[in-house]
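> Turn this into a model:
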Amino acid sequence: MQLRFRFRYLSALCINLLLPWLAYRLAYPHWGQPGGLLVSAVPLLAWMAWDLVRHRHFDALSSMVLVGIVLSLAAMILTGAWQNLALDEPMVSGMIGVAFLVSLALPRPMVFYLARSTIARESVKRASEFEQEWREHPKLAYRVRIMTLVWGIGLITENTLRTLIVWGAAGDPRSVVESNVLRYGFYGVLMLWTIWYRRRIKQDADDYAT
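Numbering: from 1, shown residues only. Purely as a prediction, here's the structure:
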């Protein structure tokens, strides 16, 4: 079971981060930034279609990454300057971070749906149990809201720092590299923290069972 859990996290990391990034890098020399963004959405669309047809499951994490790509394209079209992608990208992640924080005012925040989406791939029954645990155990709701808060603050902080890097560089190409290093650093830290914090949630679940 632990091996399957790790495999799910690795597959989610590859499909939602590595494959779109690789597709973008391969397409960029031929079709530029807008073409690269469109191609980077292909692995996500293929995964979501496979998941929906094979498992009758809608992947919330993939859809969130896809929304980020769509917003990046929209920002490029609205500004009319393709070269501003280095600035548009962190703004998109900042908007997603704001969405995380806004969802805290709702009965169920964004992380609840992301978690349920991951669990549903393993078992519909387990997803139903997760819904029941959410209703019956306030501590689980508290933990999920903490995760939503941390991701929201993390993405907004990443957005702010990357925007300052691009603005302060005055067109220096090295700013794009620095911005991307900062982005993947933030995502890596958030992923590691999430794995650690999920273990605390699992420990709570074991306590409920006993």
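
> packing partners for the strand or helix carrying residue 130?
With secondary structure defined by DSSP states H and E, residue 130 is part of helix 124-136. If contacts are counted by 3 or more CB pairs under 8 Å, 6 or more residues apart in numbering; DSSP states H and E, helix 124-136 sits against helix 110-122, helix 138-169. C-betas here are computed from N, CA, C, even on glycine.

> quick one, which of these is packed in tightest?
Between the helices and strands packed on helix 124-136, helix 110-122 has the highest mean count of neighbours, a mean of 20, where neighbours are mean count of other CB atoms under 10 Å.

> From the contact counts, what lies against it?
Using 3+ CB pairs under 8 Å, 6+ apart as the contact test, the elements touching helix 110-122 are helix 2-13, helix 19-55, helix 60-79, helix 85-103, helix 124-136, helix 138-169.

> can you list those helices in CSV and add distance to residue 185 and mean pLDDT?
Formatted as CSV, the helices and strands packed on helix 110-122 follow (distance: least, CB to CB, whole Å; pLDDT from 0 to 100):
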stretch, distance to residue 185, mean pLDDT
helix 2-13, 15, 57
helix 19-55, 14, 81
helix 60-79, 18, 72
helix 85-103, 13, 71
helix 124-136, 31, 82
helix 138-169, 9, 87
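
> Need the winner for burial among the ones you listed.
Of the helices and strands packed on helix 110-122, the one with the most neighbours on average (mean count of other CB under 10 Å) is helix 85-103, at a mean of 19.

> who wins for proximity to residue 181 among the helices and strands packed on helix 110-122?
helix 138-169 (9.7 Å; CB to CB).

> could I get the helices and strands packed on helix 110-122 as a markdown table with distance to residue 204?
Supplementary listing: those in a markdown table, determined by distance: least, CB to CB, whole Å:
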| stretch | distance to residue 204 |
| --- | --- |
| helix 2-13 | 16 |
| helix 19-55 | 27 |
| helix 60-79 | 22 |
| helix 85-103 | 21 |
| helix 124-136 | 9 |
| helix 138-169 | 6 |
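
> what about those, which gets the closest to residue 201?
Minimum separation from residue 201 across those (CB to CB) falls at helix 138-169, 5.0 Å.

> Name the residues of whichever helix or strand comes after the closest one that are buried.
Once the chain leaves helix 138-169, the next helix or strand it forms, by DSSP H and E, is helix 174-209. Burial within helix 174-209, assessed by neighbour count using 16 or more other CB atoms under 10 Å, is assigned to 175-176, 178-179, 183, 186-187, 190, 194, 198, 201, 204.

> From those residues, which shows the smallest pLDDT?
Across the buried residues of helix 174-209, no position has a lower pLDDT than residue 176, which has 67.

> For residue 107, state which of the buried residues of helix 174-209 is nearest.
The nearest member of the buried residues of helix 174-209 to residue 107, counting by CB to CB, is residue 201 at 18.9 Å.

> Give me the spatial nearest neighbour of the closest one, chain neighbours excluded.
Nearest residue to residue 201 in three dimensions, chain neighbours excluded: residue 143, at 5.0 Å (CB to CB, 6 or more residues apart in numbering).

> Surely that neighbour is in contact with residue 194?
No. When contacts are counted by CB atoms under 8 Å, residue 143 is not listed as touching residue 194 (11.3 Å).

> quick one: the nearest residue to residue 155 once chain neighbours are set aside from residue 161, how far?
Residue nearest to residue 155 in three dimensions, not counting chain neighbours: residue 97, with 3.0 Å by CB to CB, 6+ apart. As for residue 97, its distance to residue 161 is 12 Å (criterion: CB to CB, to the nearest Å).
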